[in-house]
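>>> one predicted model, sequence on top.
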Amino acid sequence: MYTYLAAGLTELTFTTDIKGFDYSHICRQMQENITGSDSRLLRLMLMGIEPHRQMPYWYVMAAKSPCRFIREYSGYDRLLRNAQAVAAAEKMNVEPHDYIVGEYDQTTLPEEFELVMAQTDILAREEQIDKLRWQKANEITLFNILDIDYLFAYLAKAAIVDRWMKLDKTKGEAFFRLLISEVKGTFDIRKAI
């Protein structure tokens with residue numbers, strides 16, 4: 001169904017050095033070529049993978065989506081964000097239940113998550129969490145070829161690449177230190193997950 005669109009996509013790897021990569025162009029290309037009911041799914045997908053657009057109610061909407069990729073990826077993303085919120089709440093000595101979205105079952109966390117969260121380098125920890133998201137996108141679409149789930153997995157991975165291409169180590173460390181200082185101050189963690 002989306003053979004032509006999928007064939008024109010640049011192969012992505014988890015790296016910050018992809019020549020000619022343009023996330024905005026990829027989004028425009030998908031918006032121009034994905035039509036009908038799938039275009040509504042695309043809007044929902046974009047709402048969830050672009051951090052400046054994401055809202056907690058997105059998880060509720062995504063859980064009810066007819067699109068398998070959106071349902072499974074959003075559930076996993078919520079799990080990771082809730083786990084991060086719980087870890088941050090514990091460090092601040094506050095009750096974590098006020099900072100999670102929906103149900104939280106830490107027994108469903110990937111085994112390597114504790115090792116990731118134990119890292120003291122904030123930027124390295126965030127990179128590892130994004131790698132978990134990347135792996136989940138691949139896992140969900142292991143047997144999908146050129147369909148809407150395949151395109152949405154590509155879009156999720158493109159958003160990750162875009163994020164890391166925009167951050168160099170110095171800027172990234174400064175950004176995450178700012179977030180930490182906000183969390184310790186008046187920052188409402190519920191709005192960040």
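In hand now; what should we look at?

>>> in the protein, what secondary structure element scores lowest on mean pLDDT?
Using mean pLDDT, DSSP states H and E, helix 169-184 stands out as the lowest-scoring helix or strand of the chain, at a mean of 52.

>>> and Y99, how far is that from A88?
Counting by Cβ to Cβ, to the nearest Å, the gap between Y99 and A88 amounts to 7 Å. For every residue, glycine as well, the C-beta is placed using N, CA and C.

>>> swap in T141?
In terms of Cβ to Cβ, T141 sits 30 Å off from A88.

>>> just P56 next, same as before
In this view, P56 and A88 are 16 Å apart by Cβ to Cβ.

>>> can you check N144 too?
Distance, N144 to A88, by Cβ to Cβ: 34 Å.

>>> measure S74 to K166 for me?
Distance, S74 to K166, by Cβ to Cβ: 23 Å.

>>> looking at these two, which is more packed in?
A count of neighbours by other Cβ atoms under 10 Å puts S74 above the other of S74 and K166, at 25 against 12.

>>> residue nearest the middle of this protein, spatially speaking?
By Cα atoms, centre = their mean, the mean C-alpha position of the chain lies nearest to I49, the distance being 5.2 Å.
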